[in-house]
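# sharing a model that was predicted from the sequence below.
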Amino acid sequence: MTQRALYRPALQVLESPEAVAAEVAQRILRFVETRARPVLGLATGRTPLAVYARLAAAHRAGTSFAAVESFNLDEYFGLGPAHLGAFACYMQRHFFEQVDMLAGHGHVPSGLGDPALEARAYEATIAEAGGIGLQLLGIGLNGHIGFNEPGSDFDSRTRIVTLDESTRRANAKDFPEGTEVPREAITMGIGTILEAQRIVLVATGEAKSEALHAAFHGPPSRGCPASALQLHPCVELVCDVGAAHRLCL
Ligand code: PGA
């Protein structure tokens, strides 16, 4: 790997997953409230659910998301937006419908159609919006970010990928019984993610401690996609004591 500057994330460790969600929601709200045209990168999964619940509560208390444009990290390939396992459906239910975002301003990559065309169009739409200002990010048990599985190129762009079996197993509970987790997905690349001005990485629970350790101890390596975050000067890691217990930053 060519020599590039390495950075440490700004770490905040909190007592509980609830405190982590409150802190991350506060950071997003401050960003939304202080920008004329806030562009968010958004994530799905179990960890951000409590963050979205707090953003929805902030909206009920008066915060407007009407100026926000957002871009989700990924989508399963082959699923339409109404499928219960689709991230587009998750985002509608947990965030877009709960706030006053304008129709068409919450982007999720399409899991249907020609993935190469969709990937190019998605990158172009992010660029047209002026790039992502704040990217909310989770981390997989295997160190994936978005659906960039181990082995992904740090310069990768939005593209179709094959999911690890471990990822399909971890996400099976999000699918109605008897439904197969898709084998492929469309995801922002690691290179795409690293172009965000600011990245807020959120992790809770001891099960994530190994992945966080692999991400931030030792040199960046394609074996742990999240270790690419060491190449970004502005990563904020907010986690609970369980997830943090192997970190020494
Ligand atoms: P989780 O997913 O929040 O459901 O653990 C994180 C991820 O896979 O990025």
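On my side now, so go ahead. Numbering: from 1, shown residues only.

# from now on I want contacts and neighbour counts done on CA atoms only, so please keep to that.
Will do.

# need the CA coordinates for the helix or strand of the chain with the lowest mean pLDDT. PDB is fine.
Least confident element among the helices and strands of the chain, by mean pLDDT, DSSP states H and E: helix 165-171 (a mean of 95). What follows is helix 165-171 as a C-alpha-only set of coordinates in PDB (Å, rounded to 0.1, in the frame of the first residue of the first chain):
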ATOM      1  CA  GLU A 165     -22.200 -15.600   4.300                       C
ATOM      2  CA  SER A 166     -21.600 -14.100   7.800                       C
ATOM      3  CA  THR A 167     -23.300 -10.900   6.800                       C
ATOM      4  CA  ARG A 168     -26.300 -12.800   5.400                       C
ATOM      5  CA  ARG A 169     -26.600 -14.800   8.600                       C
ATOM      6  CA  ALA A 170     -26.300 -11.700  10.800                       C
ATOM      7  CA  ASN A 171     -29.100 -10.000   8.800                       C
END
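
# next, the buried residues of it.
Neighbour-count burial for helix 165-171 flags Thr167 (criterion: 16 or more other CA atoms under 10 Å).

# what about it and the ligand, touching?
No. Helix 165-171 is not in contact with the ligand by CA under 6 Å from any ligand atom; minimum separation 7.2 Å.

# strand partners (parallel or antiparallel) of the helix or strand just after that helix?
Downstream of helix 165-171, the first helix or strand assigned by DSSP states H and E is strand 184-187. Strand pairing for strand 184-187, using DSSP bridges, gives strand 74-76 (antiparallel), strand 159-162 (antiparallel).

# and the contacts of strand 184-187?
73-77, 109-111, 115, 119, 146-148, 158-163 (CA atoms under 8 Å, 6 or more residues apart in numbering).

# same thing with stretch 85-103?
Contacts of stretch 85-103 (CA under 8 Å, 6+ apart): 44, 49, 52-53, 55-56, 59-60, 64-69, 74-76, 79-84, 106, 108, 174-176.

# flag the shaky bits of this structure, pLDDT-wise.
1-2 (pLDDT under 70).

# packing partners of the helix ranked longest in the chain?
If you go by DSSP state H, the chain has its longest helix at helix 17-34. Counting contacts by 3 or more CA pairs under 8 Å, 6 or more residues apart in numbering; DSSP states H and E, helix 17-34 packs against helix 49-60, strand 198-203, strand 235-240.

# can you lay out those as a markdown table showing distance to the ligand?
Shown next, in a markdown table, are the helices and strands packed on helix 17-34 (distance: least, CA to the nearest ligand atom, whole Å):
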| stretch | distance to the ligand |
| --- | --- |
| helix 49-60 | 8 |
| strand 198-203 | 7 |
| strand 235-240 | 12 |
